[in-house]
Structure formats: structure tokens, C-alpha cells
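J.: quick one, what's the 3D model for this:
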Amino acid sequence: MAKAPVKLVKSIRSYRQIHKTLGLFIVTFLIISSVTGLILGWKKNIDILQPPTREGENLNMSDWHSVQRLADVSLLAVDSLGLNASNFDRIEYRPTKGIAKVIFDTGSWEVQVDAQTLEVYSVAKRNSDWIEQIHDGSIISELFKLISMNVLGLGLLILSISGIWLWYGPRKIRKLKS
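T.: Next up is the predicted model:
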């Protein structure tokens, strides 16, 4: 029976140590990212995560009101409810639905407005927005997001490579011994 090469055995031991240490270091990021990713995958299907998109009266965009009018109506809608929202994050048009979603950066509020009649269909909280901020780390800061996502991506790559070697290496040693 042949002996396994010492260099191969040492390689597996060092990869096992790297794999274990790195795994312990990034496990918290992985769990948070996995759980929030699973939740975000369901955001269009669970109303508490993101309000369902309503349908407007008219799909002809030439009949729609200006961005300014949509913004004004949305501000009135959140003001009338006494919500603390005044700065817009974005306005999302849904041409196939005939509406615009006006999303505020404060409190993750969303106002759905008919783009032609300016009727407010919905004023609701978008819980998916803050879950997304936890998911990508931007809830702490943009710098933390940049660093944590790079650490997570690089860490997963190294864990994958070392995991493959930890699976394949012992098989190679057994083959060499026999």
C-alpha cells in the first residue's frame, strides 16, 4: 500500500483551517443575507412586505399627468395622514398598470397614484425597503455596504474553492493509497 504524499495531506489540513476560520468569520453575514434574501424573494407575494400594485384607469401615457402633479398629489396624501415623509426617493411608473408609485425616502412610504385621474389608490409602508437595507448592509452606511458585500462575495468564493478541495482531496489520497 502506497503512502499518501505529505504535501497533499498538508494542503488539505491548511485548507481545512482556512475554511473553518473564514466560515466562522462570515457566518453572521451569511445568515443575515440568506434570511433577508429569502424574505425579499417573496416581497411581491406578501402584502405586508410590499403593497400590491393597483391598476389605473388609462394605459395611454400621453394622457398622464406630469411628474410634478404626481409628486404634489402624493405629498398631499402623506400629509393628510400625518405621516413623516417629505423627501422623494423615486417615482416608478407602471405603464402596463396605468399608475405611478411615488416612494419616499423617509419611513419607506409608498403612494400609488392613477397617472391620469390623479386618484390616490394606496398609501402604504414598504417593509421590503428596510429589509433590503439590512440585506445589503446599507442600513449601517454605504461604506459598510461596500466592504461587507465584498467580504461576503470573496469569502463565499474562498469557501467554495476550499470546500471543493476538502471534498476532492481525501478522495485523491485514498486513490493514491490503493
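J.: show me this structure divided up by domain.
T.: 6-42+136-177, 61-125 (automatic domain parsing).
J.: tell me which of those is the most buried.
T.: domain 61-125 (a mean of 17; mean count of other Cβ atoms under 10 Å). The way it works is simple: take the backbone N, C-alpha and C, and place the C-beta from them, glycine included.
J.: now do it: distance from first to last residue.
T.: 27 Å (Cα to Cα, to the nearest Å).
J.: stretch 115-122 too?
T.: Span of stretch 115-122 from end to end, Cα to Cα: 13 Å.
J.: any idea which element the residue nearest the centre of the chain lies in?
T.: Taking Cα atoms, centre = their mean, the centroid of the chain lies closest to residue 132, which sits 4.3 Å from it. According to DSSP states H and E, residue 132 maps onto helix 127-136.
J.: name the residues of that helix that are buried.
T.: Across helix 127-136, burial judged by 16 or more other Cβ atoms under 10 Å covers 127, 128, 129, 131, 132, 134, 135, 136.
J.: what about the strands in this protein?
T.: Per DSSP state E, the chain carries strands over the ranges 88-94, 99-104, 109-114, 120-125.
J.: list the pairing partners of the second one within its sheet, with orientation.
T.: Each strand that strand 99-104 pairs with, and the sense of that pairing, follows from DSSP bridges: strand 88-94 (antiparallel), strand 109-114 (antiparallel).
J.: go on, the last one?
T.: Strands adjacent to strand 120-125 in the sheet, as given by DSSP bridges, are strand 109-114 (antiparallel).
J.: could you tell me the angle between the strand it pairs with and helix 127-136?
T.: Interaxial angle, strand 109-114 versus helix 127-136 (axes from the mean of the first three to the mean of the last three Cα atoms, to 10 degrees): 130 degrees.
J.: which residues does strand 109-114 contact?
T.: For strand 109-114, the surrounding residues in contact (Cβ atoms under 8 Å, 6 or more residues apart in numbering) are 50-51, 53-54, 56-57, 70, 73-74, 77-78, 83, 85, 98-104, 119-126.
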